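1. fold the following, please.
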Amino acid sequence: MEFDIRLKWVYIVIVAFATFSVSLASSAYAGSIGEVLKEFDVNEEVATLGVSLFALGFAVNPLLWAPVCELIGHQIVFLITFFS
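-> Predicted coordinates for the structure are as follows:
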């Protein structure tokens, strides 16, 4: 609450950019499934496995990290997950 307004906006932009990057990463892979099918000569189920596991990570990771946040604090968990 005592941060300078410019510093708050810097933090907002960093988090927004990180969220935007993650959504672009999943979309980029989904858009190239046709090329993955041709390049690696796999069936469609195997090619879509990457997108499926990515979406599963979005669902499961908050369930795993939320209790850790309560134990050691949100900032530490945010830094660990942001850089991993």
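2. contacts, neighbours, all on C-alpha from now
-> Noted.
3. geometrically speaking, which residue is the centre of this structure?
-> What sits nearest the mean C-alpha location of the chain, by C-alpha atoms, centre = their mean, is residue 22, with 4.5 Å.
4. what are the boundaries of the helices in the protein?
-> Here the chain has its helices, by DSSP state H, at 5-31, 33-40, 44-47, 49-72, 74-83.
5. make a markdown table out of those and add mean pLDDT.
-> Shown next, in a markdown table, are the helices of the chain (pLDDT from 0 to 100):
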| stretch | mean pLDDT |
| --- | --- |
| helix 5-31 | 88 |
| helix 33-40 | 90 |
| helix 44-47 | 90 |
| helix 49-72 | 88 |
| helix 74-83 | 85 |
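6. tell me the phi and psi of residue 41?
-> phi 50, psi 60 (degrees, to the nearest 10).
7. measure how buried it is and give me the count.
-> Residue 41: 11 surrounding residues under other C-alpha atoms under 10 Å.
8. any idea how far it lies from residue 3?
-> 54 Å (C-alpha to C-alpha, to the nearest Å).
9. distance check, the residue nearest to the centre of the chain against residue 55.
-> 11 Å.
10. try residue 5
-> Residue 5 is 34 Å from residue 55, by C-alpha to C-alpha.
11. between these two, who's got more neighbours?
-> More neighbours surround residue 55 than the other of residue 5 and residue 55, with 12 against 9 (other C-alpha under 10 Å).
12. how far away is that one from residue 44?
-> Counting by C-alpha to C-alpha - residue 55 and residue 44 are separated by 17 Å.
13. for stretch 27-39, list the C-alpha coordinates in CSV.
-> Taking Å, rounded to 0.1, in the frame of the first residue of the first chain, the C-alpha atoms of stretch 27-39 are listed here in CSV:
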residue,chain,number,x,y,z
SER,A,27,-1.6,-21.0,-28.7
ALA,A,28,1.6,-21.2,-30.7
TYR,A,29,1.9,-25.0,-30.2
ALA,A,30,-1.8,-25.6,-30.9
GLY,A,31,-1.5,-23.7,-34.2
SER,A,32,1.4,-25.9,-35.3
ILE,A,33,-0.1,-29.3,-34.7
GLY,A,34,-0.3,-30.0,-38.4
GLU,A,35,3.4,-29.4,-38.8
VAL,A,36,4.1,-31.6,-35.8
LEU,A,37,2.1,-34.4,-37.3
LYS,A,38,4.1,-34.2,-40.6
GLU,A,39,7.5,-33.7,-39.0
